[in-house]
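A.B. asks: I'll drop the sequence and a predicted model, then ask my questions.
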Amino acid sequence: MYKKINLKNRVSVILDHMPHMESASVGVWVAAGSENEDEKVSGISHFLEHMIFKGTSTRSTRKIKQEIEGRGGSLNGFTSEEVTCYLAKVSGRHADIALSVLSDMVLHASMDKKDIERERTVIIEEIKMYRDLPNHHVHDILSEMLWPGHPLGLSVAGNIKSVEAITREDLVAHKSANYRPGNITLVLCGNLNSDVLIRKIDGIFTSKGNKRQQPLIKFTSNQTRPRVRILYKDTEQSHLSMGMRSFGRMHPDRYALSLLHIILGANMSSRLFENLREKRGLAYEISSEVKRYRTTGAFIVNAGIEHKKVRKGVSIIIKELKEIKRVLVPAMELKRAKEFFKVQLLLALEDTLDHMLWLGENLLLAGKLPDKDEILRKIDSVTPADLQRVAKAIFKNKNTNLAIIGPETGKEKAGIEQEMGEL
């Protein structure tokens with residue numbers, strides 16, 4: 001049973017006491033990400049995340065790391081389109097220290113100008129690094145295609161131009177607007193002394209602050225046909241990412257979409273893995289994924305394929321998407337997919353860090369704590385007809401986008417576009 005507490009200072013606290021665990025995971029979640037950034041300061045949430053680790057008035061960056069890692073723990077953070085999270089996994093007896101360190105970072109980051117300039121260089125090198133990794137950069141190209149002119153189409157890290165332009169004043173203003181008690185949720189999972197931790201949180205977060213209501217920019221698609229974009233690069237293999245927009249995080253069909261993902265590309269038993277890799281040897285990497293945001297989402301297929309076989313690979317992917325629209329998924333295949341979903345969820349919840357991430361994401365982005373038993377019931381209720389209906393709604397010509405990084409020519413692009421038109 002999860003314990004949710006709304007403190008007087010408007011900080012939300014979620015506690016999941018797991019007394020049989022040695023570890024504890026602590027997360028400080030901030031309801032701010034790249035989705036509400038404009039292009040001029042694209043990447044500012046990610047830039048600020050870097051700066052939060054650069055010391056406070058009482059702790060240097062070295063001291064921050066030593067306080068966690070010197071006790072055998074791990075420290076990290078991430079920025080997504082919708083949230084920023086700072087997290088630590090430690091022994092349960094050090095949960096209060098992890099809470100103190102993370103809270104100090106979030107509330108009292110020093111934002112020294114010299115640190116900002118050093119970190120600006122680090123972030124620019126990070127952007128360059130990912131641009132040099134075609135299997136990563138292809139996702140940025142696909143996002144631009146899926147959500148053109150929308151913040152979701154921009155990289156979470158921003159671009160070199162925007163990162164170079166962000167000032168200390170921009171960072172301070174962004175932090176002041178978003179890192180307020182009403183925008184912060186604390187999630188703690190593991191072997192916890194709940195009473196001690198609640199008192200400590202009450203003493204740390206003394207100031208009040210309302211939640212910042214960030215207006216969502218709704219995306220409207222005007223796509224009428226399949227789109228292909230190729231970034232010419234002399235790579236060893238061609239990297240492709242095919243995406244189709246889907247629905248938002250809380251849509252009633254989200255469970256059916258999760259099962260489509262499992263059946264098509266989530267594991268080695270999936271149809272795409274079997275037909276592209278096992279039967280034909282066309283790809284080493286072949287998988288699918290589902291992106292979920294508040295008002296939209298996407299179903300994505302990723303693959304690394306020999307240059308001469310890209311058209312063939314695209315043809316087989318399209319064939320599999322058509323097949324799952326045309327023919328009902330057999331009962332045993334659906335049963336296996338359901339079992340995979342359920343067991344993967346239960347296994348993840350055995351880990352305090354995964355459990356903390358699951359709770360935090362659901363509370364901030366879905367607006368409620370997840371009910372494991374309800375999720376399992378919803379999965380069990382999905383029928384083959386549900387899968388077919390959702391597949392037909394998403395896998396459509398006018399909704400399909402393909403990004404490729406490799407040495408493909410204009411002639412090869414025309415052939416790939418022809419295959420895309422068969423969906």
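C.D. replies: Alright, I've got the coordinates.
A.B. asks: Can you give me the domain boundaries for this structure?
C.D. replies: 3-204, 227-420 (automatic domain parsing).
A.B. asks: OK, contacts around Ala31?
C.D. replies: 82-83, 178, 183-185, 211-212, 214, 364 (Cβ atoms under 8 Å, 6 or more residues apart in numbering). In short, each C-beta sits where N, CA and C put it, glycine included.
A.B. asks: which one among those gets closest to Lys114?
C.D. replies: Asn178 (23.9 Å; Cβ to Cβ).
A.B. asks: was I right about that closest one contacting Ala32?
C.D. replies: Yes - contact criterion Cβ atoms under 8 Å: Asn178 and Ala32 qualify, at 3.8 Å.
A.B. asks: Are there residues contacting both of these two? Which ones?
C.D. replies: 45, 212.
A.B. asks: Which residue of these two possesses the greater neighbour count?
C.D. replies: Ala32 (26 against 21; other Cβ atoms under 10 Å).
A.B. asks: quick one on the thing from earlier: can you flag the buried ones in the contacts of Ala31?
C.D. replies: 82-83, 178, 183-185, 364 (16 or more other Cβ atoms under 10 Å).
A.B. asks: Determine which two of these are furthest apart.
C.D. replies: Glu82 and Ile184 (14.6 Å).
A.B. asks: where along the stretch 1-150 of the chain do the helices fall?
C.D. replies: 44-52, 61-69, 95-108, 113-131, 134-146 (DSSP state H, counting those that start in this stretch).
A.B. asks: Now distance to Arg229 and mean neighbour count too, for these, in a markdown table please.
C.D. replies: Converted to a markdown table, the helices of the stretch 1-150 of the chain look like this (distance: least, Cβ to Cβ, whole Å; neighbours: other Cβ atoms under 10 Å):
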| stretch | distance to Arg229 | mean neighbour count |
| --- | --- | --- |
| helix 44-52 | 24 | 23 |
| helix 61-69 | 40 | 15 |
| helix 95-108 | 39 | 21 |
| helix 113-131 | 15 | 14 |
| helix 134-146 | 6 | 21 |
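A.B. asks: Low-confidence ranges, the stretch 151-300 of the chain, go.
C.D. replies: Along the stretch 151-300 of the chain, segments meeting pLDDT under 70 span 213.
A.B. asks: rewinding a little: is it possible to export the contacts of Ala31 to CSV including distance to Leu260 and secondary structure?
C.D. replies: Formatted as CSV, these follow (distance: Cβ to Cβ, whole Å; DSSP: H, G, I helix; E, B strand; the rest coil):
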residue, distance to Leu260, secondary structure
Glu82, 23, coil
Val83, 26, coil
Asn178, 35, helix
Asn183, 34, helix
Ile184, 35, strand
Thr185, 31, strand
Lys211, 34, coil
Arg212, 35, coil
Gln214, 31, coil
Leu364, 26, helix
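A.B. asks: Including distance to Phe47, could the residues you listed go into a markdown table?
C.D. replies: Shown next, in a markdown table, are these (distance: Cβ to Cβ, whole Å):
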| residue | distance to Phe47 |
| --- | --- |
| Glu82 | 17 |
| Val83 | 16 |
| Asn178 | 13 |
| Asn183 | 18 |
| Ile184 | 19 |
| Thr185 | 22 |
| Lys211 | 22 |
| Arg212 | 18 |
| Gln214 | 18 |
| Leu364 | 21 |
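A.B. asks: out of those, who's nearest Asp202?
C.D. replies: Ile184 (13.6 Å).
A.B. asks: quick one: contacts for the most centrally placed residue in the chain?
C.D. replies: Nearest residue to the geometric centre of the chain (Cα atoms, centre = their mean): Ser80, 5.8 Å. Counting by Cβ under 8 Å, 6+ apart, Ser80 touches 33-34, 156.
A.B. asks: can you check Phe395 too?
C.D. replies: 244, 299, 321-322, 324-325, 423.
A.B. asks: pLDDT at it, what is it?
C.D. replies: In this model, Phe395 is scored at 98, pLDDT.
A.B. asks: State the distance from it to Lys322.
C.D. replies: 7 Å (Cβ to Cβ, to the nearest Å).
A.B. asks: Mind listing the shared neighbours of the two?
C.D. replies: Leu423.
A.B. asks: What segments of the chain are strands?
C.D. replies: Per DSSP state E, the chain carries strands over the ranges 3-6, 12-17, 23-30, 74-79, 84-91, 184-190, 227-232, 238-246, 283-292, 297-305, 400-406.
A.B. asks: Among those, which comes closest to Trp358?
C.D. replies: That would be, of the strands of the chain and by Cβ to Cβ, strand 184-190, which comes in at 9.0 Å.
A.B. asks: and the closest one, what does it pack onto?
C.D. replies: Counting by 3 or more Cβ pairs under 8 Å, 6 or more residues apart in numbering; DSSP states H and E, the packing neighbours recorded for strand 184-190 are strand 12-17, strand 23-30, helix 95-108, helix 352-361.
A.B. asks: What pairs with that strand, parallel or antiparallel?
C.D. replies: strand 12-17 (parallel), strand 23-30 (antiparallel) (DSSP bridges).
A.B. asks: now the first one: mean pLDDT?
C.D. replies: The one in question is strand 12-17. 95.
A.B. asks: Show residues contacting that strand.
C.D. replies: By Cβ under 8 Å, 6+ apart, strand 12-17 touches 2-7, 184-192, 194, 197-198, 201, 355-356, 359-360, 363, 369.
A.B. asks: Please repeat the previous calculation with a cut-off of 6 Å.
C.D. replies: Strand 12-17 has contacts (Cβ atoms under 6 Å, 6 or more residues apart in numbering) with 2-6, 185-189, 192, 194, 201, 359.
A.B. asks: want to throw those into CSV with distance to Ala283?
C.D. replies: Output for the contacts of strand 12-17, formatted as CSV (distance: Cβ to Cβ, whole Å):
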residue, distance to Ala283
Tyr2, 41
Lys3, 46
Lys4, 45
Ile5, 49
Asn6, 49
Thr185, 40
Leu186, 43
Val187, 38
Leu188, 42
Cys189, 37
Leu192, 45
Ser194, 49
Ile201, 49
Leu359, 36
